[in-house]
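> From the sequence below, what's the structure:
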Amino acid sequence: MDLKMFQYFREDHEKRDFVSGGAAAGVAAAFGAPVGGVLFSLEEGASFWNQSLTWRIFFASMTSTFTLNVLLSYYHGTPWSLSSPGLVNFGQFANQSYYGYEIPIFFLMGVIGGLLGAVFNAINYRLTVYRIKFVHQRFLCVLEAAVVASFTMATAFLSIYFSKDCRPIVSTIKHPIQVR
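Numbers count the residues shown, from 1 in each chain. Down below sits the predicted model:
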């Protein structure tokens, strides 16, 4: 008996999208990496890719990772301790756990990151429009590249200098390359 309830899901491209989403969700749950699942599906699973498919697959990957994490926390006897990222683990962070009450903080960090990304894209778009309108001569293109390289280099050197990360080697060491 065919109720035609799921007629939309019987089309070939929807079947391919479901297989891609399933592969992404499986990889994401296995390794505790939703973005890794999406990238795996993008590279290996999907024949045709569009933005709505990306969001659907990312949501499926996040859901599968979160669900497995919660189930593993109950299995290990620590409910809502979100410190079991997947079935395959390549190492542990010592003395570091994540808990359910931290989710709003992570959510806020994600919102801030998304807003900063939107600001970056808006600035990049305006710079691209400016370059298309006004930068036509080869000299200006070379000058632009030199200014961007100089700014990047100055920022990198100043951030290293002010972060106090580079420290002088202790004077008691005679051959610093041989320190073990």
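> Quick one: residues contacting the residue nearest to the spatial centre of the chain.
In the chain, the C-alpha closest to the average C-alpha coordinate belongs to Val35, at a distance of 5.7 Å (CA atoms, centre = their mean). When contacts are counted by CB atoms under 8 Å, 6 or more residues apart in numbering, Val35 is found next to 58, 61. C-betas here are computed from N, CA, C, even on glycine.
> Dump the C-alpha coordinates for the one helix or strand it maps to into CSV.
Secondary-structure element containing Val35, defined by DSSP states H and E: helix 34-40. These are the backbone C-alpha positions of helix 34-40, laid out as CSV (Å, rounded to 0.1, in the frame of the first residue of the first chain):
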residue,chain,number,x,y,z
PRO,A,34,31.0,17.2,12.9
VAL,A,35,33.0,19.4,10.5
GLY,A,36,35.1,16.4,9.6
GLY,A,37,32.0,14.5,8.7
VAL,A,38,30.8,17.3,6.5
LEU,A,39,34.1,17.6,4.7
PHE,A,40,34.2,13.8,4.2
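> Any idea how far that helix is from the middle of the chain?
Shown here is helix 34-40, whose average C-alpha point lies 9 Å from the average C-alpha point of the whole chain (CA atoms, centre = their mean, to the nearest Å).
> List the buried residues of the helix or strand just after it.
In the C-terminal direction, the helix or strand that comes right after helix 34-40 (DSSP H and E) is helix 51-75. Judged by neighbour count using 16 or more other CB atoms under 10 Å, the buried positions of helix 51-75 are 53, 56-58, 60-62, 64-65, 68-70, 72-73.
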